[in-house]
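In: one predicted model, sequence on top.
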Protein chains: 2
Amino acid sequence: MADISQEELDDIYTFAVQLGKDAGKMLLEAAKLRMVDDGEEQKEQQHVQKENAVDLVTETDENVEAFIKSRISERYPSHKFVGEESYSKGASRDYLIDDSPTWCVDPLDGTVNYIHLFPMFCVSIGFIHKSKPLIGVIFAPFLNQFFSSCSGRGAWLNETQRLPLVRNPVPPMPARAPSGCVFSCEWGKDRKDHPDGNMHRKIESFVNMAAEVGGRSGRGGMVHGVRCLGSATLDLAYIAMGSFDIWWEGGCWEWDVAAGVAIVLEAGGLVTTANPPEDHLNAPIEEVRLGSRLYLAIRPAGPSPTETGRQTQERTVREVWARVRNLDYSRPGA
Amino acid sequence: MADISQEELDDIYTFAVQLGKDAGKMLLEAAKLRMVDDGEEQKEQQHVQKENAVDLVTETDENVEAFIKSRISERYPSHKFVGEESYSKGASRDYLIDDSPTWCVDPLDGTVNYIHLFPMFCVSIGFIHKSKPLIGVIFAPFLNQFFSSCSGRGAWLNETQRLPLVRNPVPPMPARAPSGCVFSCEWGKDRKDHPDGNMHRKIESFVNMAAEVGGRSGRGGMVHGVRCLGSATLDLAYIAMGSFDIWWEGGCWEWDVAAGVAIVLEAGGLVTTANPPEDHLNAPIEEVRLGSRLYLAIRPAGPSPTETGRQTQERTVREVWARVRNLDYSRPGA
C-alpha cells in the first residue's frame, strides 16, 4: 500500500470537512422536523410522539450514512467504507479495517440523545490509512461545535480555535491525578444486574474514581467531576479540547471512536486500552487498537517541572488502571 | 406585599433577559482569556496553568455576581438579592427568601466545568415573588444556548424556539417510565466512602434506575440513558426542553435551581422533592420548596389516551420514589 502524501491528505481533509458539515446539517434538519416553532403551530404538521421518534431516527441514521457513503464513493472510489449501519445489517461483527485507505463513519453518534433531542449528538467521520486514524471530523450541529484534525495540520474547534484550548503552555496532568481530573464515562446499554456483568464492573470503577482519597480501601480517586454525555465521540472531542481529562469506556465500536481518536492524537492526547494489564504498574502502554472496544483516553498534556507531558499522561493511565475493573467486551478479528 | 402586574413583570423580564446576556458574555470573555488562539501564540500572553484556574474562576464568579447585583440595585432598589457569593462569604446558611420581590442568582453554575473549560456552564438569574419563581434566565455562552421564561409568557430557547421542543402535541411520560426516560443526575462533591453517606445513597439510587427491569429485587428501572452534566441549572434547562425526562438531585442550593425551576414550571414540568415520603404511593406530591436542597423534576408532558399529562408526571414521580434512597441534606429555615 503506497503512502499518502501530505498534499493528498490535505485534499482528503478538505473533502471530509465539507462532508461533515453537510451531514451534520442533515441531522439537524431532521431533528427540527420533530420540533414545531411557535409561529408554525397553526400550520399542518407531521405530529410526532416522542415514543415514535425511534423509527424516524433510524431512518435519519440510514439516510445520512447513505449520503456520506455515496459522496465518498464518487470522489474516492478506491477507498474502503466502514459504517455503523452497514455493519448492523450484516451478519458479521468481524473487524474489517486493514491497511487500505478506509473511511470509518458513524452517521449519528449519541442516538439516545438524538431521540430525546438532547443536543449531545453528532456525525463522526474518520479516515484511516495503514490502520492509523489520520483525519477526524466531528460535527455536533445542535451545539454548533465542529471538531476536525488532519495528521500534520493540528486539531481544531470550529476551524479557528486550536486544540487543546489551553495551550501556551499545555498544562501537565495533575500531580495527584485522578484527583483534580474531570472523569468522563458512560453507563452504556448492558444493564444486567449480575455482580460480574459489565454494569457492575463499570459502577465499581466509577465509584473508585469518585470516592474520597483513602476511601475504597485506598482506591478512592477523588476526581474533580464525573460526566456522562451519552456520546463516545463527543467524550473524545472534549478530551481533545482538554475539557475532560480522562475518558474510560468499553463496549463501543470503531465507528464510535475513529474520528475522535484521530482528533485526540493530533491534539497530543494518549489513547490506550481500558483494561488494566496484569502488571499495570510496569506494563508497556500500548497504542489503542481501534477495534478493541476498550478505550482509555487522556487529554493532551505538557511537561511539569519533573516530567515530560507523556510521563504525566502515562502516570495517569496507571492510576486509572489501579482503580478500574476489567470489562468483558471482545471482538473477533480485532 | 402588593401583586406584580403582568406589565410590570414583562418589564422585569426584558431587564432580566438583557442582564443574562451581558453576564454570560462576561463569563465567556473571561474563559477566552484562558485560551490562546493559534494566530496569537506569538504574542505575549498571560500564561495560565489549568491548576491555577481555580483562583481566576473565583474572581470571575465574584465579578459577575457584583455586576449583576449592581445592575439590579440600580434598576430595582427595593428588590432583595440572594446570590451564591454573598452567601458563601456570610456566616449563615439560613434560607432568606420570603414574600418580597427577590432576585436569586448564580453568576456561574457548573464551576468545575468552567475551570476545565467544558462548555456546560452558565449564568442563572431567577426572579421570585411571594416565594414563587416567576422569571428564569439561563445563558450558557460557550454553547450559545439561552433559556428564558416569564410567568404567562412561555419558556423559550434562544428567544424563538418555544419549550418543550416537541409540543404539538407534547408527548406524555412513557407508559413504563422510568423505562424509556433519560435520567439526569449528579455525583456532587460529597464523596465520603461511608455506606450511609450521600455518595452511596446516590449510587444505589442511580443503579436502581439504570438496571434491567426485574433486576435489583424488582427495582430496576432500565432508563434509556443516564446523564451527568455537572450543572444543576442546565439539568433543569434540559428538563424544560423535554430532552431529559427525569432529574433527581440533592445538595444544591436555591441559586442553583431558582431560574431553572421557573423555566421548567412555565414549560409545563413538575418539580417536587427528591426524598420519597413515607407512603410514597399515595402521599400528595408537594410543590418544590426552593430552599429544600432536595429536587425531583419531571419534563413537561401531555395527555396519553388514558391519563392527563399531570397524571403521567405524577406516576413517574412515584416510580422514581420507589427506586431512590432518602438523601441526607438539610437546611435551616427552609
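Out: That came through, no problem.
In: up against chain B, what does the stretch 51-200 of chain A have?
Out: Within the stretch 51-200 of chain A, the positions adjacent to chain B are A:51, A:112-113, A:115-119, A:143-145, A:154, A:160-162, A:165-169, A:171, A:174, A:180, A:182, A:187, A:191-193, A:199 by Cβ under 8 Å from any Cβ of the partner chain. The way it works is simple: take the backbone N, C-alpha and C, and place the C-beta from them, glycine included.
In: can you list the neighbours in contact with the strand or helix carrying A:S148?
Out: In this structure, A:S148 sits in strand A:145-150 according to DSSP states H and E. Residues outside strand A:145-150 that contact it (Cβ atoms under 8 Å, 6 or more residues apart in numbering or on different chains): A:9-10, A:13, A:16-17, A:20-21, A:24, A:134-140, A:155-159, A:163, A:237, A:240, A:262-263, A:266-267, B:119.
In: if you set the cut-off to 7 Å instead, what comes out?
Out: Strand A:145-150 is contacted by residues A:9-10, A:13, A:17, A:134-139, A:155-159, A:237, A:240, A:262-263, A:266-267 when judged by Cβ atoms under 7 Å, 6 or more residues apart in numbering or on different chains.
In: what of stretch A:309-323?
Out: Contact with stretch A:309-323 is made by A:170, A:172-173, A:177-178, A:205, A:208-209, A:219, A:221, A:246, A:248, A:270, A:272, A:276, A:280-281, A:285, A:296, A:298, A:301-304, as judged by Cβ under 7 Å, 6+ apart.
In: what's the offset of that stretch from the middle of its chain?
Out: Here stretch A:309-323 shows a centroid-to-chain-centroid distance of 20 Å under the convention Cα atoms, centre = their mean, to the nearest Å.
In: then stretch A:176-194?
Out: In terms of Cα atoms, centre = their mean, the centre of stretch A:176-194 is found 15 Å from the chain centre.
In: filter the contacts of stretch A:309-323 to the buried ones?
Out: Buried by 16 or more other Cβ atoms under 10 Å in any protein chain shown: A:170, A:172-173, A:177-178, A:205, A:208-209, A:219, A:221, A:246, A:248, A:270, A:272, A:276, A:280, A:285, A:296, A:298, A:301-302, A:304, out of these.
In: just the residues you listed: which are in strands?
Out: Among these, the residues falling in strands (DSSP state E) are A:I246, A:W248, A:L270, A:T272, A:L296, A:I298.
In: buried stuff in stretch A:14-22?
Out: A:F15, A:A16, A:V17, A:L19, A:G20, A:K21.
In: tell me where the stretch 1-150 of chain A has strands.
Out: Assigned by DSSP state E, counting those that start in this stretch, the stretch 1-150 of chain A shows strands spanning A:80-83, A:102-109, A:122-129, A:132-140, A:145-150.
In: adding mean neighbour count and mean pLDDT, write those strands out as a markdown table.
Out: Shown next, in a markdown table, are the strands of the stretch 1-150 of chain A (neighbours: other Cβ atoms under 10 Å in any protein chain shown; pLDDT from 0 to 100):
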| stretch | mean neighbour count | mean pLDDT |
| --- | --- | --- |
| strand A:80-83 | 19 | 93 |
| strand A:102-109 | 28 | 97 |
| strand A:122-129 | 29 | 98 |
| strand A:132-140 | 26 | 98 |
| strand A:145-150 | 26 | 98 |
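In: redo those strands as TSV? Include distance to B:D98.
Out: Listed next are these as TSV, based on distance: least, Cβ to Cβ, whole Å:
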stretch	distance to B:D98
strand A:80-83	59
strand A:102-109	48
strand A:122-129	46
strand A:132-140	43
strand A:145-150	42
